[in-house]
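Asks: this is a predicted model, with the sequence first.
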Amino acid sequence: MPGLGYTSFLGYVAETVWGTRVTPATKFLAMVPRGDGLFGDSPLLKSAGINEVSTHRTRKVHPGARNAGGQIEFEVPWEGAELLFKHAFGKVATTGTNPYTHVFTISPPDWLDLVGLSLEAKTDYLVNSTTGAGAWAAGLNSFWYEGSVITFVEFSLSKDGFLLCSMGVASEDEIQATSSTGTPSASPLCNFYNDGTGSGVFWNATQAVVTDFRVRLDLGLDVARRGIASRLIKKPVPGGRIAVTGSFKAEFEGVTHFDDFRAATARSLYLRLVGPTAATQDIKIEIPVAIITPRAKAVVDNEGIIYADLPFEGFWDGTNREIKMTLINAVATF
């Protein structure tokens, strides 16, 4: 009998030693369909020599370097994903007393001080072959990703859905081990719940009628730090340019966005979501300096409302980094 997947989850916890697995205790999230994109492989090294009669296979083929990681995707809860955000941005500053305000900002030095994460992708319980079909027992049901770092983070939201978060993951190694005991966060999910206190997408402080929004932070990591004498990677480090990109789909209400594109005008851009309990549930994703990039043009493809897909890039103005996220909730520490 196959596993069914209805008890699967993603567990995560900070490590104290790079690549040394730690078992999650309290931090678990439910994945969306196909949200567990983590994997591990080991390419085969094959000899270039000409095959000979009766040559042993072991002289011709050998396991190569280990690769592990991939991508995860989940619907963002008001509480429960804070540690992942910290490892995606690099730095968090927390103030207040219930509610707490967490401000996540890009900070390569702080990111380097973070050791890494242990990720647990739990599949399900497996059939216990010693007691017969239909008997379920705990076993080697989880795939663990040791020494994991976040390589990118992307937030996306549509008018009919919850706030989605995708993260790229580079890991030192993948192993299979016994599952931990955990329950995904029961916190409500972030969406366009608008109680009149400011949810929406704002371009230069003016709210736009937006149906889809996406923003992505790429950390520019060198994830292939591997040398002779080890099949495993070393901890990735920043090796390229940090990039913030995204797009939003808005109703075409004039040529304002087109004019901004033509003049390369810098504007502030942010997405804000306010939860059912406004005082304790608030999330704001800001791009302080956003510039619309080419193809910022309205497209008429049918009768009815005209929409424009507006791609943008985020920049650092010398004081504010390319993106920051402010989360208000009842979580004190993580």
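Replies: Ah, there it is.
Asks: CA only for contacts and neighbour counts going forward, please
Replies: Will do.
Asks: which residues in the stretch 201-334 of the chain form helices?
Replies: Using DSSP state H, counting those that start in this stretch, the helices of the stretch 201-334 of the chain run over 256-263.
Asks: point out where it drops to low pLDDT.
Replies: Applying pLDDT under 70 to the stretch 201-334 of the chain flags the ranges 278, 296.
Asks: what do you get if the cut-off is 90, keeping everything else the same?
Replies: Along the stretch 201-334 of the chain, segments meeting pLDDT under 90 span 204-211, 222-234, 237-241, 249-264, 274-281, 293-310, 317-320, 333-334.
Asks: pairing partners for the residue sitting nearest the centre point of the chain in the sheet, please.
Replies: Geometric centre of the chain, nearest residue: residue 167, 2.1 Å, by CA atoms, centre = their mean. Beta-bridge pairing for residue 167 (DSSP bridges): residue 72, residue 153.
Asks: tell me how far it lies from residue 217.
Replies: Distance of residue 167 to residue 217, given as CA to CA, to the nearest Å: 10 Å.
Asks: spit out the residues that contact these two alike.
Replies: Here residue 167 and residue 217 have 152-154 as joint contacts, going by CA atoms under 8 Å, 6 or more residues apart in numbering.
Asks: got JSON lines for those, with distance to residue 284 and neighbour count too?
Replies: Formatted as JSON lines, those follow (distance: CA to CA, whole Å; neighbours: other CA atoms under 10 Å):
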{"residue": "152", "distance to residue 284": "18", "neighbour count": "22"}
{"residue": "153", "distance to residue 284": "15", "neighbour count": "24"}
{"residue": "154", "distance to residue 284": "14", "neighbour count": "19"}
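Asks: which stretches in the stretch 51-200 of the chain count as strands?
Replies: 61-63, 67-75, 90-96, 100-106, 117-122, 126-127, 136-137, 142-158, 164-171, 173-177, 200-203 (DSSP state E, counting those that start in this stretch).
Asks: wait, what's in contact with residue 289?
Replies: By CA under 8 Å, 6+ apart, the contact set of residue 289 is 266-269, 314-317, 322.
Asks: show me the one of the strands of the stretch 51-200 of the chain that comes nearest residue 31.
Replies: The stretch from the strands of the stretch 51-200 of the chain with the least distance to residue 31 (CA to CA) is strand 67-75; that distance is 4.9 Å.
Asks: need the residues that contact the closest one.
Replies: With CA under 8 Å, 6+ apart as the test, strand 67-75 has contacts from 29-32, 34-42, 145, 148, 162-174, 189-190, 232-233.
Asks: switch to 6 Å and redo it
Replies: Outside strand 67-75, the residues that touch it by CA atoms under 6 Å, 6 or more residues apart in numbering are 31-32, 35-41, 163-171, 173-174.
Asks: hang on, the earlier thing: ok, so of the contacts of residue 289, who is nearest residue 83?
Replies: Scanning these for proximity to residue 83, where the rule is CA to CA, the winner is residue 322, at 20.4 Å.
Asks: and the gap between that closest one and residue 246?
Replies: As judged by CA to CA, residue 322 and residue 246 stand 12 Å apart.
Asks: now for residue 155, how many residues are close by?
Replies: Other residues near residue 155 come to 19 when the count uses other CA atoms under 10 Å.
Asks: quick one: it and residue 213 touch, right?
Replies: No - if you go by CA atoms under 6 Å, residue 155 and residue 213 don't touch, sitting 8.1 Å apart.
Asks: and stretch 199-215, how far apart are its ends?
Replies: Distance between the boundary residues of stretch 199-215 (CA to CA) amounts to 17 Å.
Asks: tell me which residues of that stretch are tucked away?
Replies: Buried residues in stretch 199-215, counted by 16 or more other CA atoms under 10 Å: 199-202, 208-210, 212-215.
Asks: beta partners for residue 213?
Replies: Beta bridges link residue 213 to residue 157, residue 248 when assigned by DSSP bridges.
Asks: look up how far residue 20 lies from it.
Replies: 37 Å.
Asks: swap in residue 37?
Replies: To residue 20, residue 37 is 22 Å away according to CA to CA.
Asks: likewise for residue 240?
Replies: Distance of residue 240 to residue 20, given as CA to CA: 27 Å.
Asks: who has more neighbours out of the two?
Replies: Neighbour count, other CA under 10 Å: between residue 240 and residue 20, residue 20 has more, with 15 against 11.
Asks: now do stretch 291-303: distance to the chain's middle.
Replies: From the chain centre to the centre of stretch 291-303 is a distance of 28 Å (CA atoms, centre = their mean, to the nearest Å).
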